[in-house]
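[1] no sequence on this one, just coordinates:
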């Protein structure tokens, strides 16, 4: 644990226990989303599904990176991950991104994907609002993840016909905002 880092966050007026709960719950959401996106991606088949598969894969890998970036901050602040994987899954900040009843329904899969991203956007916005001007490291990390989650939502919402987002699929580059936390 980084004792001075935790002390500075507490002195800034942040309830570290509440923040840790949010960070752990969001880490759970990232890891479980990585798992569920693996299943969703495998079911994106046919002409319609193949066009979305690469984007789902990019979001899947970035969600794993988000999990990896969150873990050090959790431990720096004196927290830890649950020792039981089932408990970790169940504390997820977002509901499971489960395969729809009809796994061949690409539009239903897209709706699952976009709702998972929207949940993440809400969660990281909350963490940013809580830490802005008070906990610079957590804020910077949450903001980096938020930027990527907003892009993911935009990619999937365009496929649902919700309008243009102005975002483009990244080529050969994952986690451009979070990368600095992964070294």
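    Good, I have the coordinates. Just so you know, these numbers come straight off a predicted model, no measurement behind them.
[2] buried ones in stretch 31-39?
    By neighbour count, and taking 16 or more other CB atoms under 10 Å as the criterion, the buried residues in stretch 31-39 are 31-34, 36-37. Backbone N, C-alpha and C define where each C-beta goes, glycine included.
[3] filter those down to just the ones in helices.
    Among those, the members falling in helices (DSSP state H) are 31-34, 36-37.
[4] show me the helices in this structure, by range?
    Applying DSSP H to the chain gives helices spanning 3-11, 16-42, 46-76, 85-90, 106-131, 136-159.
[5] wait, which of those is closest to residue 175?
    Each of these has some distance to residue 175 by CB to CB; the shortest is helix 46-76, at 4.4 Å.
[6] rounded mean pLDDT for the closest one, please.
    For helix 46-76, mean pLDDT rounds to 95.
[7] list the helices and strands that helix packs on?
    If contacts are counted by 3 or more CB pairs under 8 Å, 6 or more residues apart in numbering; DSSP states H and E, helix 46-76 sits against helix 16-42, helix 106-131, helix 136-159.
[8] by how many degrees do that helix and helix 136-159 diverge?
    In terms of direction (axes from the mean of the first three to the mean of the last three CA atoms, to 10 degrees), helix 46-76 departs from helix 136-159 by 170 degrees.
[9] can you find the helix or strand in this structure with the smallest mean pLDDT?
    Of the helices and strands making up the chain, the lowest-confidence element is helix 3-11, at a mean of 92, by mean pLDDT, DSSP states H and E.
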